[in-house]
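Undergrad: okay, structure incoming, though there's no sequence with it:
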C-alpha cells in the first residue's frame, strides 16, 4: 500500500478498498506507564511560592553554576523513605538518593526522632568542649574500621575531608605530590580540584599544585582489555588476548602507573588517592563489605567519608591511624562546625539503621514469600542479607514489573509482621 501513511502496523484488514485497523490491536502497540507501587504516606499540601516565582528567584539569585536536572526542573516539596513528592503532590521513586547521600531513606522516622530530641537539647557547641554525642559517634564509627584506623576527624563535606586528608599525608610524609586516577572525582574546592580528573569541573585557573593523574584501569573502555578479561564481566564485544579467568590488561595498566611514577612525580610522594570503585561506595553499598576498600583486601592509611554518612545532613569524616594523626597534632587544627552535637546524633542514628542486617529468619521469610509468589532470587553478602538479582538477558519489561511488584508485596508483608 502506498500513500502518506508510511509502513502499516500489524493487525490491519482490507475492507471495501480501505484500510481498517482493529482497535484492540492498535491500542496494544501504544506504550503505557508501569503501575507505580503503592505508598500509604500522604504529603502535606504545598504552601510556598508558586513554581514560576521559584524559577525566577533561581535565575536571579542562585549561583548559575548550580545546574539543574530535566527540561522542566523539579520543584520538590517533601520526602518519605524512598519517595519524593513535588509541589503538585506528584510522587517519584528516588533511585538517586540525593547523589548517593540519603542512606536509610528520606525523613527516616528513627533518624528524625533522634534529630528532634537533640535539637531540643543542644544544637551546637565546639570541640573545645566535650559533649557525649561526638564521643558516642566516634566510638561507633571506629568500631567499623580495622586496626589501626581508629582516629576520627569530623568535617562538613567530602571536599573538606579530602582537603584534610591531603594535608595530613603531606605533613606526615614530608612530601608534597599526590597521584589520583583519571576520571575520578574528589571534590570541587581549590585544593581538591587538582585530584579531580573530570574536564567539566576544571575552570581554567591554577589549582591543585603537586597533583598528578595516572590512567584508570578500565578493561571496558580503556585501551587494553576485552571480553575474556577477568575484570570485565560485562564486556562482550571487544576481543582480547586474555584467557578465561585471567586479565593480561592488568599488567599494561600497572606499567602505566610505573610510567607516571618515573616521569610525573618526584622519587617520593605524599600519597595515592583512589575510589575503591569509581562510583560512590561505603556504608554497605557494595553488598559484601561495609567499606569499599575492604573488597580489595587492603587497609589504607587514611579513609575519607561523606555523602551517606549523614543521610543528607552536611557531614563528613577522615579516619586514620594514631601515628598519622599525631603529625597533625604538632600544631593547632580546628573546625568550628565539624562534629557538632546535632551532626553526631544524626550520624549515629544513620549507623544504627544501616549497620545491622535483618535477622536471618526475617530475610528468609521475605525470600520465601517471593518464591511462593513465583519469583526466584539469589542470596549473598557478608551476612547473607543481600538479594542477588541477575536475570537472563531475555527478560522482558513485563517480567521486571511483575518481579518488582512481588518484591514490594513481600516487603510490605514483612513490615506488617514487624508492626505486630
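TA: Ah, there it is. None of the values given here were measured: they were computed from a predicted structure.

Undergrad: quick one, helices of this protein?
TA: 23-28, 51-61, 97-100, 109-121, 132-142, 158-173, 249-263, 322-328, 341-352, 360-372, 397-419 (DSSP state H).

Undergrad: which residues does the shortest one contact?
TA: Helix 97-100 has contacts (CB atoms under 8 Å, 6 or more residues apart in numbering) with 103, 279-280, 285, 307-308, 312. Any C-beta I mention is one placed from the backbone N, CA and C, and that applies to glycine too.

Undergrad: nearest to residue 86, of those?
TA: Using CB to CB, residue 312 comes nearest to residue 86 of the contacts of helix 97-100, at 17.5 Å.

Undergrad: test my guess that that closest one contacts residue 101.
TA: Yes - counting by CB atoms under 8 Å, residue 312 does reach residue 101; the two are 5.4 Å apart.

Undergrad: hey, which helix or strand in the chain has the poorest pLDDT?
TA: Within the chain, judged by mean pLDDT, DSSP states H and E, the helix or strand with the poorest mean is strand 12-15; its value is a mean of 30.

Undergrad: I figured residue 239 was touching residue 224, is that so?
TA: No - contact status for residue 239 versus residue 224: not in contact, 11.8 Å apart, counting by CB under 8 Å.

Undergrad: higher neighbour count, those two?
TA: residue 224 (22 against 9; other CB atoms under 10 Å).

Undergrad: what's the neighbour count on the closest residue to residue 370 other than its chain neighbours?
TA: The spatially closest residue to residue 370, leaving aside those adjacent along the chain, is residue 410, at 5.0 Å (CB to CB, 6 or more residues apart in numbering). By the criterion of other CB under 10 Å, residue 410 has 22 neighbours.

Undergrad: quick revisit: and the contacts of helix 97-100, which is closest to residue 92?
TA: residue 312 (15.9 Å).

Undergrad: where's the residue positioned nearest the centre of the chain relative to residue 54, distance?
TA: Most central in the chain under CA atoms, centre = their mean is residue 100, positioned 3.2 Å from the mean C-alpha point. Here residue 100 is placed at a distance of 25 Å from residue 54 (CB to CB, to the nearest Å).

Undergrad: same deal with residue 387?
TA: Residue 387 is 39 Å from residue 54, by CB to CB.

Undergrad: residue 208 now?
TA: 36 Å.

Undergrad: neighbour count winner among the two?
TA: residue 208 (20 against 15).

Undergrad: how distant is stretch 316-336 from the center of its chain?
TA: 26 Å (CA atoms, centre = their mean, to the nearest Å).

Undergrad: from one end of that stretch to the other, what's the distance?
TA: From its first residue to its last, stretch 316-336 covers 14 Å (CA to CA, to the nearest Å).

Undergrad: pLDDT (mean, whole number) over it?
TA: On average, the pLDDT along stretch 316-336 is 94.

Undergrad: again, but for stretch 349-363
TA: The model assigns stretch 349-363 a mean pLDDT of 79.

Undergrad: again, but for stretch 378-396
TA: Per-residue scores along stretch 378-396 average to 69.

Undergrad: and if you look at stretch 65-75?
TA: Per-residue scores along stretch 65-75 average to 85.

Undergrad: tell me which residues of it come out buried.
TA: residue 75 (16 or more other CB atoms under 10 Å).

Undergrad: what's the answer for stretch 127-139, then?
TA: Buried residues in stretch 127-139 (16+ other CB under 10 Å): 127, 131, 133-134, 137-138.

Undergrad: any chance of these in CSV with pLDDT and distance to residue 45 as columns?
TA: Converted to CSV, those look like this (pLDDT from 0 to 100; distance: CB to CB, whole Å):
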residue, pLDDT, distance to residue 45
127, 83, 41
131, 92, 38
133, 93, 35
134, 93, 38
137, 95, 36
138, 95, 41
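
Undergrad: which one of those sits closest to residue 167?
TA: So of these, ranked by how close each gets to residue 167 (CB to CB), first place is residue 127, at 17.5 Å.
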